Structures are given as structure tokens and as C-alpha cells.
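Student: sharing a model prediction with you, sequence too.
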Amino acid sequence: MGKNHNLTIVIMNIIAIVGIAVGLSMDALAVSVVNGCTIKKIKHRHAFLIAGSFGLFQAIMPLIGWAVGLSFSSYIESFDHWIAFGLLSFIGGKMILSSFRLEKSCEEKNCLHPPTLLLLSLATSIDALAVGLSFAMLDMTIFLPIVIIGLITFILCFVGVHLGKRLGHFFEGKLEFAGGVILIAVGAKILIEHLTAGPLL
């Protein structure tokens, strides 16, 4: 019974991390879709470069946030779940609002130019810094989450470039909206689990 219970917790934690990873990757995915629809004669190497940069930054930023959070997590242990919920809800809400006013031109988001790619990678991964901070507050290990977050971001952005090449940026705002909803849902799950002192079944 104990082993099954522990396995359930592990599986649910992985599902939550995957949900967070998908939610965080929506900004980068939206930019990838736009680049797919605007860059002429885009090739697999271009998609690999864009996806690799976004995935790398999405993995690094939670690690930085986690390292910072460790230094003071012991002082906020009694209400850390509220902070995690607040951070994820704030990020999710910001993404939902952004999805309704996403009117940037394609040229502004063309990220094949290396400095532009680095800036966009940083800009779309800032939210991941706050998520890493929440991981530290919840006393979660960081290495599996950053691998999952980086890998999922890479895969989705790689596919997104090719999706944009075929479908244009029809889905761009919808992707950010969906990502925001996912992050808020994961934050609510974390809060309810701590308030009820057990994983949601």
C-alpha cells in the first residue's frame, strides 16, 4: 500500500511538472510559430537552432530561481504553497491577458539573428525563473524538472516552427491563453494539495 501511494505521488508530481513545462513553453512556442510563418525558406537547422535556444533558456532559468530560493525557503515554509500558487497564477494570468493583445509584427519576432534569438530566449524564459523559485519553496528537486521543461520546450518549438510554416500564426494567441490556463490549474493543484495535506487523486 505504501509503495503504491509513493508511486502515485511520483506520477502526479511528474504530471504536474509536465503541465508546468507545457504552460511555460507556450510563449516560446508562439514565437516559434510566428517565425515558421515568416522566415522564407526555413530549414530543419533553423528550427533546431530556434528550439535549442528556447529549450536551453527554459531549463537554465528555473535552475537559477531554484538556487536563489534555497537561500530563504526555510523562512517561508509555513506559507510557501501560497507563494507558489500566487506566482503560477500571476504568470498564467499575464499570459492569458497577453494572448488578447498579441499584435507584434512578424519582423519584430524573427529570431534567426543571434542577438535577437538570445534576447527572445531570455524574454520568453523569465517566467521560468519564478517557477524555479517556487520549486525551491516546495522543497522539490530541480534536476528532473529542468530536463523535462527544456526537452518539452525544445520539442514543441521545433514542431511549432514547422507548424507556423504551414498554418501561419492563427494559433499564436490561443497557445498563450492555453498555457496561462495550464499554469493556473497547476498552481491551484499545489495549493489544494498542501491545504488538504495530500496529493489530489
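Tutor: Looks like it came in fine.

Student: lowest average confidence, helix or strand, in the chain?
Tutor: Sorting the helices and strands of the chain by mean pLDDT, DSSP states H and E puts helix 106-109 at the bottom, at a mean of 47.

Student: please write out the alpha-carbon positions of the very next helix or strand once past it in PDB.
Tutor: Under the assignment DSSP states H and E, the closest C-terminal helix or strand after helix 106-109 is helix 114-123. C-alpha atoms of helix 114-123 as PDB (Å, rounded to 0.1, in the frame of the first residue of the first chain):
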ATOM      1  CA  PRO A 114      21.800  35.600 -33.000                       C
ATOM      2  CA  PRO A 115      21.400  38.600 -30.700                       C
ATOM      3  CA  THR A 116      17.700  38.700 -31.300                       C
ATOM      4  CA  LEU A 117      17.400  34.900 -30.700                       C
ATOM      5  CA  LEU A 118      19.200  35.300 -27.300                       C
ATOM      6  CA  LEU A 119      17.000  38.200 -26.300                       C
ATOM      7  CA  LEU A 120      13.800  36.400 -27.200                       C
ATOM      8  CA  SER A 121      15.100  33.200 -25.500                       C
ATOM      9  CA  LEU A 122      15.700  35.300 -22.300                       C
ATOM     10  CA  ALA A 123      12.400  37.200 -22.600                       C
END
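
Student: elements contacting helix 114-123?
Tutor: Applying 3 or more C-beta pairs under 8 Å, 6 or more residues apart in numbering; DSSP states H and E, one finds that helix 114-123 contacts helix 2-38, helix 44-70. (Each C-beta comes from the backbone N, C-alpha and C, glycine too.)

Student: give the other helices and strands that the last one contacts.
Tutor: Pointing back at helix 44-70 there. helix 2-38, helix 114-123, helix 126-137, helix 143-167.

Student: wait, which of those is closest to residue 49?
Tutor: Nearest to residue 49, of all these, is helix 114-123, at 7.3 Å by C-beta to C-beta.

Student: what residues of the closest one count as buried?
Tutor: The neighbour-count check on helix 114-123 (16 or more other C-beta atoms under 10 Å) flags 117, 120, 121 as buried.

Student: how about those in TSV, adding distance to residue 50 and pLDDT?
Tutor: Below are the buried residues of helix 114-123 laid out as TSV (distance: C-beta to C-beta, whole Å; pLDDT from 0 to 100):
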residue	distance to residue 50	pLDDT
117	7	85
120	9	80
121	9	86
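
Student: look at residue 141 and give its secondary structure.
Tutor: Secondary structure state of residue 141, per DSSP: H, G, I helix; E, B strand; the rest coil, is coil.

Student: what about it, how many neighbours?
Tutor: If you count neighbours by other C-beta atoms under 10 Å, residue 141 ends up with 10.

Student: quick check: mean pLDDT of stretch 83-93?
Tutor: Stretch 83-93 shows a mean pLDDT of 77.

Student: next: stretch 20-30.
Tutor: Mean predicted lDDT for stretch 20-30 stands at 86.

Student: again with stretch 149-159
Tutor: Averaged across stretch 149-159, pLDDT comes to 95.
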